[in-house]
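have a look; sequence and predicted model below, questions after that.
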Protein chains: 4
Amino acid sequence: MIVALKPQTTEDRKDQLIGWLKGMGVDVHVSVGEYLTILGLVGDTTRLDIDLIGSLDIVDSVNRITEPFKCCNRKFHPDDTVVEIGDAKIGGGHFGMIAGPCSVESEDQIVTIAKAVKEAGAQLLRGGAFKPRTSPYDFQGLKAEGLELLKIARAETGLPIVSEIMSAADLPLFEDVDVLQVGARNMQNFDLLKELGATNKPILLKRGLANSLKELLMSAEYIMASGNEQVILCERGIRTFSDYTRNTLDISAVPMLHELSHLPVIVDPSHATGIARIVPQMAMAATACNADGLIIEVHNDPPHALCDGAQSLRPEEFADLCEKIRAIRKVVA
Amino acid sequence: MIVALKPQTTEDRKDQLIGWLKGMGVDVHVSVGEYLTILGLVGDTTRLDIDLIGSLDIVDSVNRITEPFKCCNRKFHPDDTVVEIGDAKIGGGHFGMIAGPCSVESEDQIVTIAKAVKEAGAQLLRGGAFKPRTSPYDFQGLKAEGLELLKIARAETGLPIVSEIMSAADLPLFEDVDVLQVGARNMQNFDLLKELGATNKPILLKRGLANSLKELLMSAEYIMASGNEQVILCERGIRTFSDYTRNTLDISAVPMLHELSHLPVIVDPSHATGIARIVPQMAMAATACNADGLIIEVHNDPPHALCDGAQSLRPEEFADLCEKIRAIRKVVA
Amino acid sequence: MIVALKPQTTEDRKDQLIGWLKGMGVDVHVSVGEYLTILGLVGDTTRLDIDLIGSLDIVDSVNRITEPFKCCNRKFHPDDTVVEIGDAKIGGGHFGMIAGPCSVESEDQIVTIAKAVKEAGAQLLRGGAFKPRTSPYDFQGLKAEGLELLKIARAETGLPIVSEIMSAADLPLFEDVDVLQVGARNMQNFDLLKELGATNKPILLKRGLANSLKELLMSAEYIMASGNEQVILCERGIRTFSDYTRNTLDISAVPMLHELSHLPVIVDPSHATGIARIVPQMAMAATACNADGLIIEVHNDPPHALCDGAQSLRPEEFADLCEKIRAIRKVVA
Amino acid sequence: MIVALKPQTTEDRKDQLIGWLKGMGVDVHVSVGEYLTILGLVGDTTRLDIDLIGSLDIVDSVNRITEPFKCCNRKFHPDDTVVEIGDAKIGGGHFGMIAGPCSVESEDQIVTIAKAVKEAGAQLLRGGAFKPRTSPYDFQGLKAEGLELLKIARAETGLPIVSEIMSAADLPLFEDVDVLQVGARNMQNFDLLKELGATNKPILLKRGLANSLKELLMSAEYIMASGNEQVILCERGIRTFSDYTRNTLDISAVPMLHELSHLPVIVDPSHATGIARIVPQMAMAATACNADGLIIEVHNDPPHALCDGAQSLRPEEFADLCEKIRAIRKVVA
């Protein structure tokens, strides 16, 4: 950590700060510059509150040189993590296509879609049973019943299933679900993350609407520090001033996360844009910059979907997209 | 709801859409303009998915004219809500000053600060026991023990206590806490909101980092629709490109929320900026635009605070601020 | 335009508003709903100030149904515009690769790079002579001399040249430049846009850091309304809270602009990210979602570049990228 | 400047970088940490491209410790700048109230408003003659004629006049205007800034929609480095995801700019919100956090204003506001 002191800082104030820092257990190297004096802090700086130091009136600026994440940091684990779910693999050169409806609505619906997406080339089936909705008056999902229907679809197709969990209290219901998804709104629900860290299931962790890459990695760190290393990161759009699409897909997150972490990185073009007719183009863009997979909403009857029909592809559109994805993978992977 | 159809829309596609809308139970008024045909939907449009309709290729744009929130909407409840906590009142002309440390650290610390903020003019005592921290390696609060220390401070001073709850599983521990705070990261933790709606305690609901005013009101709606009408809204800064302060205080949220809703609106200048030395100016600004109260971090020893010392005022700074706040209140209220 | 009046609006106030609107020359259709009264305005609403109407205390909301742009609107001109520059074509299925250094530094530098990018497959040569720099103390470009060096490189390679113009006063110097570029900071320098509209040269118009797609199209409209229809739109990253990259590439702008307008849309991955090592991935992503071209910084000696070396590819990296771009084009175009 | 090298950096690569840095004329102090090696650069680092260094694959991070602005930096000029315009003073404890219509429309209009705002307590008259409008089809101002009408209003009231200049080509027309305003869209029109730096007139410099405080100060630096030290900074709202107001007033910019610079800082609540009915509250908030002045739109007939009537106060509302402002100034100044 590097602390720069303001020009007018007195010797007394400087010595007082250095004493306090040493008391916190770090070594302090002092170098005096033309305008500023610079303190280099060496040792275990994780216990120092960077904001507190930065707020002192004698401090000009403070910068933490080392990232505070460890388990998910590529610096300490150079090799790609590969998450295995049944026959599917995601990461380390393996591309995972996850598809299915926003909400599970009925056995007929989910089985039909599951067969269609498998046929088109998906390796996993997604389907929402517990739905986070902005309004208390909107459809909240079939809940436990929805999970049962997903299992029926799995039995029919062999596809492992992915579904969102909103509360640790629901964990018993997810006992037999293959991948647990943490939604964007719960990315910093730390109690939930810790509980998921105590399971042995792969976790699909979505980036929050206004969260930095560092915060996403720190949330992965909550899960991993609790013992579960199977985390899949998911970019799903951020909130910006731009309002032609529901969110703004931050496509650069893919290579940047690959650089910072060894965890697999997938993209959700459906929620990132909210507009079905541009989902294929966003999916191809994500593939072209080497995402480890995609999670795409597919519905056999979008206009009658109970939720988010606007962003769902029809099965034939999805099949067409899968072919193009395979062709692009050949170019980039 | 107003749906505008694109110029080249065929009669067939138009009739098909109108039929589907009528099947959803709304009346449709058609008016043909120079370039566009406009459908005015009248009746209960809450079941219509605005995003789905907007995504149809024949639709140019769609606008919901009426807001989807009801319980907290000033249109239907013109009078200000006043939330009463012991002797303190917030809203409807009553100004509530909430102060205390970011984290409860010890009996001595919390009792000392409680006496100081009461002396300066605070009506409620805040103190964090369960702390949401970005990093799993940071101090997470004294938890149950912290709540017990807050109760001791309440017994010593008579100040009602405010503390953050992060999980519905902790509700029994908060049985005897006066105001339950929902932090910014949990603003859309809908399971938690519903559980809080089933209590009879005032809820201090903080705006999420990237949430619109409408979303904040929809989260209040979750609590109110579950039966609890005592909600205090809190602006605490939003995430923007600007990085000189930790977040950007959206001061215009105060008058806009007052216009949209009858609920009291308070401001948290400490978290909004993260910089103690500008907290007083932000607090005065909030008072000048008629906020119903403030929640301010005060610590007797900021450099040694376990958490967020950077944004805490010392008791004497807080006392000085309280005097100025009272003077500004005389001008604006 | 649709104006919704608040429930408590008196007949008098309503009639007064309708009278004023009719005086502005529009027809008003009134329909009374359960809570709100809705006015549908038909005719030439371009003279109405939507913000003024929206600010009236009796108005609940106001929405302009038709977009205010005409010349660049795909609704009125369904066919793609193809911009031709010498042998190069951009738009309507033609992909234009523009490459070169951030700044022109010397004859040797620009000629060497021009030959290299031509060899790799670029159709146009870019090079900055007038440089917009945040700091007055930074290198501001070789100016007129830089333009002369570009012309030498054009003579040596046959590549048409693209360079940024910052002020209409410099137009005489750009007489013999093939494409005039308007930088992000000047996207709403309306005086400059009008002057460029009076030339007969293709204009490469970059999106401003915080400008919506509609504002970008309105700036194109300034050029086109002044008589020059050869406009190329360029997405180059927007400013968001995310700070791992210099800006956030808004990749969804490509399909959305294609939907809204008939103008060609290219992407600048170099400025969008500021990080050379992820430029190839961003370039491939843009190609995969059907951009009409790319503008990429290439430098033979990035560490010694006078400007923006951080985002420049070396010629051999660029050549490798061009091959992959061609392969992806085969999949998507 | 502090450069941190990645753990796996070879000695060769490190020596090569150090050599290059020394070649650029700076001293390099090396300190080897547990994971990272840190280079401290001392001397004139202004010629180093921080982005270039940060992009090298061996570099983990790079931080510039000293700000790149000098003329406007409070570190080197601790005393407040006071800008004097006729009898009015702004900065250093002097509060300047600037008021008037968005656009000058007629002699009768501007003289009537000028008298009203003077009566209410304004020290300067604002009025737009050259108007930057998003659409080429909107009213662009009376131009030279508008400036003449402003001078008539000045003659009638004695109020100095403030008007926006959009192009250096118009400078002769502004010969007799007291304060030249640079609009948000031109904040980084560097050619214009340099020309204004060569005049001897006070410049009112508005912050761009998406510009950081540092960029605003760098633009002030362009003017000051060219010889003109009379710059007034103006916060007028930034673009964020929040869309209930036209822009988001960044009220914390006031104390932060005061800390960073000695220049006066005023606030434009009219453009920051675009909603007349909350302008008074925003104006009082700005005053409460010690802004050096305000610039407020006032119109005698807002519904018929040719431009931005939505954000204009009526003269009686403005007079009422001025009284409250004076009362708040007594509390804070």
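Right, received. Where do you want to start? Values in this document were obtained by computation on a predicted structure and should not be read as measured data. Numbering: from 1, shown residues only, chains lettered A, B, ... in the order given.

CA atoms for contacts and neighbours, from now on please.
Fine.

close enough to count as contact, residue A:247 and residue A:240?
Yes. Using CA atoms under 8 Å, residue A:247 is in contact with residue A:240, at 7.0 Å.

residue boundaries of the strands in chain A?
Using DSSP state E, the strands found in chain A span residues A:2-5, A:27-32, A:37-42, A:59-63, A:83-85, A:88-90, A:96-100, A:124-126, A:161-164, A:179-182, A:203-206, A:231-235, A:265-267, A:293-297.

got the angle between the last one and strand A:231-235?
When you say that, I think you mean strand A:293-297. Strand A:293-297 runs at 60 degrees relative to strand A:231-235, counting by axes from the mean of the first three to the mean of the last three CA atoms, to 10 degrees.

quick check: mean pLDDT across strand A:293-297?
Averaging the model's pLDDT scores along strand A:293-297 yields 97.

the first one too?
Taken as a whole, strand A:2-5 has an average pLDDT of 83.

residue A:247 and residue A:240: who's more crowded?
Neighbours per residue, other CA atoms under 10 Å in any protein chain shown: of residue A:247 and residue A:240, the larger number sits with residue A:240, 28 against 21.

contacts only, for the more buried one.
Applying CA atoms under 8 Å, 6 or more residues apart in numbering or on different chains to residue A:240 gives the contacts A:247, A:248, C:240, C:241, D:240, D:241.

look at the nearest residue to residue A:232 once chain neighbours are set aside and say how many residues are nearby.
Excluding the flanking residues, the one nearest residue A:232 by CA to CA, 6 or more residues apart in numbering or on different chains is residue A:204, at 4.7 Å. Neighbours of residue A:204 under the rule other CA under 10 Å: 23.

thinking residue A:204 is in contact with residue A:235, fair?
No. Between residue A:204 and residue A:235 there is no contact under CA under 8 Å: 10.6 Å.

run a quick neighbour tally on the one residue in the stretch 151-300 of chain A that gets nearest to chain D.
Nearest to chain D in the stretch 151-300 of chain A, going by CA to the nearest CA, is residue A:241, at a distance of 4.2 Å. The criterion is other CA under 10 Å. On that basis, residue A:241 has 20 neighbouring residues.

what's the pLDDT at the nearest residue to it once chain neighbours are set aside?
Distance criterion CA to CA, 6+ apart; nearest residue to residue A:241, sequence neighbours excluded, is residue D:241 at 4.2 Å. On the pLDDT scale, residue D:241 is placed at 93.

returning to what we had before: OK, contacts around the residue nearest to residue A:232?
Per CA under 8 Å, 6+ apart, neighbours of residue A:204: A:179, A:180, A:181, A:182, A:231, A:232, A:233, A:234.

shouldn't the last one be in contact with residue A:271?
No. At 11.1 Å, residue A:234 and residue A:271 do not qualify as touching, with contact defined as CA under 8 Å.

compare those two (neighbour count), which wins?
It is residue A:234, of residue A:234 and residue A:271, that has more neighbours when counted by other CA under 10 Å, with 29 against 26.

for that one, give its distance to residue A:100.
Using CA to CA, to the nearest Å, one gets 16 Å for the distance from residue A:234 to residue A:100.

also residue A:83?
The spacing between residue A:83 and residue A:100, counted by CA to CA, is 20 Å.

count of residues packed around the closest residue to chain B within the stretch 1-150 of chain A?
For the stretch 1-150 of chain A, the residue closest to chain B is residue A:52, as judged by CA to the nearest CA, at 3.9 Å. Neighbourhood size, residue A:52 [other CA under 10 Å]: 23.

next, work out how far apart the closest residue to it other than its chain neighbours and residue A:59 are.
Excluding the flanking residues, the one nearest residue A:52 by CA to CA, 6+ apart is residue B:310, at 3.9 Å. Distance of residue B:310 to residue A:59, given as CA to CA: 12 Å.

same check, this time on residue A:90
45 Å.

for residue A:140, give me its contacts.
Contact analysis of residue A:140 by CA under 8 Å, 6+ apart lists A:130, A:131, A:132, A:133.

now do 10 Å
A:103, A:128, A:129, A:130, A:131, A:132, A:133, A:134, A:306, A:307 (CA atoms under 10 Å, 6 or more residues apart in numbering or on different chains).

got it, and residue A:202?
So residue A:202 contacts A:83-85, A:162, A:177-181, A:196, A:228-232 (CA under 10 Å, 6+ apart).

any of those residues buried? List them.
Buried by 16 or more other CA atoms under 10 Å in any protein chain shown: A:83, A:85, A:162, A:177-181, A:196, A:228-232, out of the contacts of residue A:202.

these into TSV, with extra columns for distance to residue B:29 and pLDDT?
Shown next, in TSV, are the buried ones among the contacts of residue A:202 (distance: CA to CA, whole Å; pLDDT from 0 to 100):
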residue	distance to residue B:29	pLDDT
A:83	54	98
A:85	52	97
A:162	42	98
A:177	47	98
A:178	48	98
A:179	47	98
A:180	45	98
A:181	42	98
A:196	51	97
A:228	56	97
A:229	56	96
A:230	54	98
A:231	51	98
A:232	48	98
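
mind putting those residues into a markdown table with distance to residue B:5?
Shown next, in a markdown table, are the buried ones among the contacts of residue A:202 (distance: CA to CA, whole Å):
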| residue | distance to residue B:5 |
| --- | --- |
| A:83 | 46 |
| A:85 | 45 |
| A:162 | 37 |
| A:177 | 43 |
| A:178 | 43 |
| A:179 | 41 |
| A:180 | 40 |
| A:181 | 37 |
| A:196 | 46 |
| A:228 | 51 |
| A:229 | 50 |
| A:230 | 47 |
| A:231 | 44 |
| A:232 | 41 |
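
out of the residues you listed, who's nearest chain C?
residue A:232 (19.9 Å).

quick check: the closest one vs residue A:160, distance?
For residue A:232, the distance to residue A:160 - CA to CA - is 15 Å.

any residues in contact with both of residue A:234 and residue A:271?
Residues touching both residue A:234 and residue A:271 (CA under 10 Å, 6+ apart) are residue A:295.

ranges for the helices of chain A?
A:11-23, A:50-55, A:107-120, A:144-157, A:190-197, A:213-225, A:253-260, A:269-273, A:279-288, A:315-332 (DSSP state H).

and residue A:245, its phi and psi?
phi -110, psi 160 (degrees, to the nearest 10).

please apply the same query to residue A:264.
When read as degrees, to the nearest 10, the backbone of residue A:264 gives phi -70, psi 150.

quick one: contacts for it?
Listed by CA under 10 Å, 6+ apart, the contact set of residue A:264 reads A:80-83, A:90-96, A:204, A:230-234, A:254, A:257-258, A:291-293.

wait, doesn't residue A:323 sit right on residue A:119?
No. Residue A:323 is beyond contact range of residue A:119, at 11.6 Å (criterion: CA atoms under 10 Å).

list the contacts of the residue in the stretch 51-200 of chain A positioned nearest to chain C.
With CA to the nearest CA as the measure, residue A:67 is the residue of the stretch 51-200 of chain A nearest to chain C, at 12.9 Å. By CA under 10 Å, 6+ apart, the contact list for residue A:67 reads A:46, A:73, A:75, A:214, A:218, A:260, D:60.

per-residue pLDDT, the first one?
For residue A:46, the pLDDT comes out at 71.

who's in contact with the residue nearest to it when sequence neighbours are not counted?
Closest residue to residue A:46 apart from its sequence neighbours, by CA to CA, 6+ apart: residue A:68 at 7.1 Å. Applying CA under 10 Å, 6+ apart to residue A:68 gives the contacts A:45, A:46, A:214, A:217, A:218, A:221, B:135, B:136, B:137.

picking up where we left off before, what pairs with the residue nearest to residue A:232 across the strands?
As for beta bridges, residue A:204 partners with residue A:181, residue A:232 under DSSP bridges.
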